[in-house]
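Engineer: give me the fold of what follows.
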Amino acid sequence: MGLLEAPAPAPCPAIEVDEALNNGWFEDWYQPKIDLKRKCLAGAEALACIRHPGLGLLMPGGYSCGTSAGLARLSEHALRALLVNWSSFDAAGFNLNLAIKLPVRMLLELPIRELVAQHRPASERWPGVILQVNEDDIVRDLKLAREVTNGLRASGVKIAIDDFGAGYSSLASLRELSFVEIKLDGSFVQSCATDATNGAICQTAIDLAHRFSSSAAAKGIESPADLQALIAMGCDFGQGDLISPPMSHEHFLGLLRQRSKPRPQESDVSAAPAAPVGPIDRVA
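Structural biologist: The predicted model follows:
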């Protein structure tokens, strides 16, 4: 799940982005991401949701922007919100790596470097922002993708390859790119503990990420068996409803603040908490 996914099989309502933004219908939601080795909160993926007065809450994939201009304005709004919201999480004691999924063409159409320079946190602790792009999209023009990603890196923007395994890139293609993470497609993550093919694909992707000195993250984790299998494979990060479903910015921030409160046994609470937060306790 990301900022904008391919439309679901059922028709998605076409939302006028200008109307939604002007009326404050967009909400910033986050799905936590954990470090599978340390069993602690490592980051979160930002999601642009709509609280429509007639249709209720619409998650990404449940609505269509309608036009390219609408997509661009929504992408800019979501990226700006993510940069601003990082400071609220940092104030709660959590230095999180925040990621957002953008259509690859937005890397060209939006002034990404200018937006980051204008809205990035002033804190020296800021780890940068991760932009997730689909595997099959970014390898269509490797030369252009390489130029864009290298240019963004100096601005604190890192690239992650999303939905890995669903596209048709080759190992030679990946060598052309500078990326910090491979994110395993959820269709292979599910049943990876019992399906030999899915398990082999996940293991290959994890080994490939490590070969390129990058991290491997699994999305769509729904069962304890799959979670344990991924840990055994050496997967670095995990995300999914088993760990925590998406939640609003206010809810997520509230859980962080609650988790960072001193416990009676703690004598030193100056360091950022290393323990999981909220629903992540299910798998801690």
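Engineer: can you check which strand is longest in the chain?
Structural biologist: strand 40-52 (DSSP state E).
Engineer: buried ones in the helix or strand following that one?
Structural biologist: Sequence order places strand 56-58 as the next helix or strand after strand 40-52, per DSSP states H and E. Residues of strand 56-58 classed as buried by neighbour count (16 or more other Cβ atoms under 10 Å): residue 58. No exception for glycine: its C-beta is placed from N, CA and C like everyone else's.
Engineer: after strand 56-58, which helix or strand is next? Please name it.
Structural biologist: Note on strand 56-58: by DSSP H and E, the next helix or strand toward the C-terminus is helix 68-91.
Engineer: dump the next helix or strand after that following helix to CSV, restricted to CA.
Structural biologist: Per DSSP H and E, the first helix or strand lying C-terminal to helix 68-91 is strand 97-101. C-alpha atoms of strand 97-101 as CSV (Å, rounded to 0.1, in the frame of the first residue of the first chain):
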residue,chain,number,x,y,z
ASN,A,97,12.7,6.9,8.6
LEU,A,98,9.5,8.0,6.8
ALA,A,99,8.7,6.8,3.3
ILE,A,100,6.1,7.7,0.7
LYS,A,101,5.2,6.0,-2.5
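Engineer: what helices and strands are in contact with strand 97-101?
Structural biologist: strand 26-35, strand 40-52, helix 68-91, strand 129-134 (3 or more Cβ pairs under 8 Å, 6 or more residues apart in numbering; DSSP states H and E).
Engineer: tell me which of those sits most buried.
Structural biologist: Mean neighbours per residue, mean count of other Cβ atoms under 10 Å, is largest over those for strand 129-134, with a mean of 24.
Engineer: which helices and strands does the next helix or strand after that strand pack with?
Structural biologist: Moving toward the C-terminus from strand 129-134, the next helix or strand (DSSP H and E) is helix 135-138. The contact analysis (3+ Cβ pairs under 8 Å, 6+ apart) places helix 135-138 against strand 157-164.
Engineer: direction included, what does the strand it packs on pair against?
Structural biologist: Note on strand 157-164: by DSSP bridges, its sheet partners are strand 129-134 (parallel), strand 181-184 (parallel).
Engineer: tell me the average confidence for it?
Structural biologist: What strand 157-164 shows for mean pLDDT is 89.
Engineer: buried residues of it, list them for me.
Structural biologist: Buried residues in strand 157-164, counted by 16+ other Cβ under 10 Å: 157, 158, 159, 160, 161, 162, 163, 164.
Engineer: distance of the residue lying closest to the last one once chain neighbours are set aside from residue 211?
Structural biologist: Yep, that's residue 164 we're talking about. Closest residue in space to residue 164, ignoring its immediate chain neighbours: residue 182 at 4.7 Å, by Cβ to Cβ, 6 or more residues apart in numbering. Distance, residue 182 to residue 211, by Cβ to Cβ, to the nearest Å: 10 Å.
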